[in-house]
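Visitor: here is a sequence with its predicted model. Questions after.
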Amino acid sequence: MIFLANLTLSSAPPLLFHKPSRTTRKIHSWHVNSAISTAPVSKRRCDLYDLHKELVPYAEAWSWQKAIVKERRVLSEINEDFADTLIVLQHHPVYTLGTGSSEEFLNFDVNSAPFDLYRTERGGEVTYHGPGQLVMYPIINLRHHKMDLHWYLRALEEVVIRALESTFSIEASRVEGLTGVWVGNQKLAAIGVKVSQWITYHGLALNVTTDLTPFQQIVPCGIKDRQVGSLNGIIKGSFPSKGCREEDNHHADNHDLVDTTHISLLREFCEVFQVDLHHKSIQIGVPYEKTPSPTILKS
């Protein structure tokens, strides 16, 4: 259980089905460099809630975001919105649908879903979250960056592209007409956001050591002709263990790989968005206001 201080949480998204959790032309980064460089020179403060080693229930993380967004709107109205927020975590296995997602991309009946299934207000189609996947939820007031949703999506992609290149020498790219980050034909990072009064929430998910099996139960992001991949899979493909020196396989340990990727993502996030991270602790033992039980919908 996660306890948060001084947050009044709003209601969770509708739960379509609840089940106990079980544990093309490429466009490279230089195409958006001119847009990224328009970020302000003076760095803005960004409060970081770092839970990258934790498995957080999706409904709790969603409610937390909504509470912060609500607070930020009030602060913005009185010109006291002085900091952005970034939440980094992993989720228990869960499927989520965007606001306009089609259930035709589910390879199961919603009444017998393998995991919890939520319809949220983010953009995009169905995706999966689970252990080994790093999720970043930036709550950013774009009035202090650039009031352009296209710029924001490209900036999130840029964070992942730079992290993969700088830390792992992996050349990732964009695909024209699609949102996300790709290595070859494999999609490693999915992005789905909501922007309300220029304040963002939801965000990106990067498959690091994720078990990709649950993706077989859906058409990820509604894209039928491409694969989902993981960073671990790319690295193992480049450095097979047989005959490989130990130092060449130093990212094989899943925990180390998640930690290393997490550090790289934070570093590149700071560079792309020109922010300074300030770590914020979560007070253990101080209960926050509980959200109502999610509504169970039958399809």
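Guide: Good, I have the coordinates. Numbering: from 1, shown residues only.
Visitor: phi and psi next, for the residue nearest the centre of the chain.
Guide: In the chain, the centroid-proximal residue (CA atoms, centre = their mean) is L204; its distance is 2.6 Å. Torsion angles at L204 (phi, psi; degrees, to the nearest 10) stand at phi -130, psi 160.
Visitor: for it, list each beta-bridge partner.
Guide: M136, I191 (DSSP bridges).
Visitor: list the contacts for it?
Guide: L204 is in contact with 135-136, 156, 159-160, 189-191, counting by CB atoms under 8 Å, 6 or more residues apart in numbering. All C-beta spots, glycine's among them, are computed from the backbone N, C-alpha and C.
Visitor: hmm, 6 Å instead?
Guide: 136, 156, 189, 191 (CB atoms under 6 Å, 6 or more residues apart in numbering).
Visitor: want to throw those into JSON lines with pLDDT?
Guide: Output for those, formatted as JSON lines (pLDDT from 0 to 100):
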{"residue": "M136", "pLDDT": "98"}
{"residue": "L156", "pLDDT": "98"}
{"residue": "A189", "pLDDT": "98"}
{"residue": "I191", "pLDDT": "97"}
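Visitor: ok, those residues vs R226, which is closest?
Guide: A189 (13.1 Å; CB to CB).
Visitor: could you measure D211 against R174, distance?
Guide: Applying CB to CB, to the nearest Å, the value for D211 to R174 is 26 Å.
Visitor: with only the CA atoms kept, save stretch 201-210 in PDB.
Guide: Extracted in PDB, the C-alpha atoms of stretch 201-210 (Å, rounded to 0.1, in the frame of the first residue of the first chain):
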ATOM      1  CA  TYR A 201      -1.000  13.700 -17.300                       C
ATOM      2  CA  HIS A 202      -0.700  10.000 -18.200                       C
ATOM      3  CA  GLY A 203       2.500   9.600 -20.200                       C
ATOM      4  CA  LEU A 204       4.900   7.000 -21.500                       C
ATOM      5  CA  ALA A 205       5.700   3.300 -20.900                       C
ATOM      6  CA  LEU A 206       9.000   1.700 -21.900                       C
ATOM      7  CA  ASN A 207       9.400  -2.100 -21.900                       C
ATOM      8  CA  VAL A 208      12.600  -2.800 -20.200                       C
ATOM      9  CA  THR A 209      12.500  -6.400 -18.900                       C
ATOM     10  CA  THR A 210       8.700  -6.800 -19.500                       C
END
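Visitor: partner residues bridging the residue nearest to E157 when sequence neighbours are not counted?
Guide: Among residues not flanking E157 along the chain, V181 sits closest, at 5.3 Å (CB to CB, 6 or more residues apart in numbering). Here V181 sits in beta bridges with A189, as judged by DSSP bridges.
Visitor: tell me how many other residues surround V181.
Guide: Counted with other CB atoms under 10 Å, residues neighbouring V181 total 25.
Visitor: how much space separates it from R154?
Guide: 11 Å.
Visitor: for C46, give the beta-bridge partners.
Guide: Going by DSSP bridges, C46 forms beta bridges with D84, L277.
Visitor: so it makes contact with V275?
Guide: Yes: contact criterion CB atoms under 6 Å: C46 and V275 qualify, at 3.9 Å.
Visitor: who has more neighbours, the two?
Guide: Using other CB under 10 Å, the more surrounded residue of C46 and V275 is V275, with 24 against 21.
Visitor: I'd say that one and R44 touch.
Guide: Yes: V275 is within contact range of R44, at 5.0 Å (criterion: CB under 6 Å).
Visitor: ok, the closest residue to V258 other than its chain neighbours - contacts?
Guide: Distances taken as CB to CB, 6+ apart place V208 nearest to V258, at 5.2 Å, with adjacent residues excluded. Contacts for V208 (CB under 6 Å, 6+ apart) come out as 132, 134, 231, 257-258, 261.
Visitor: can you check K194 too?
Guide: Applying CB under 6 Å, 6+ apart, the residues contacting K194 are 121-122, 201-202.
Visitor: kindly recompute the last result at 7 Å.
Guide: By CB atoms under 7 Å, 6 or more residues apart in numbering, K194 lies in contact with 121-123, 201-202.
Visitor: give me the element it is part of.
Guide: Assigned by DSSP states H and E, K194 belongs to strand 186-196.
Visitor: what's the mean pLDDT across stretch 217-232?
Guide: For stretch 217-232, mean pLDDT rounds to 92.
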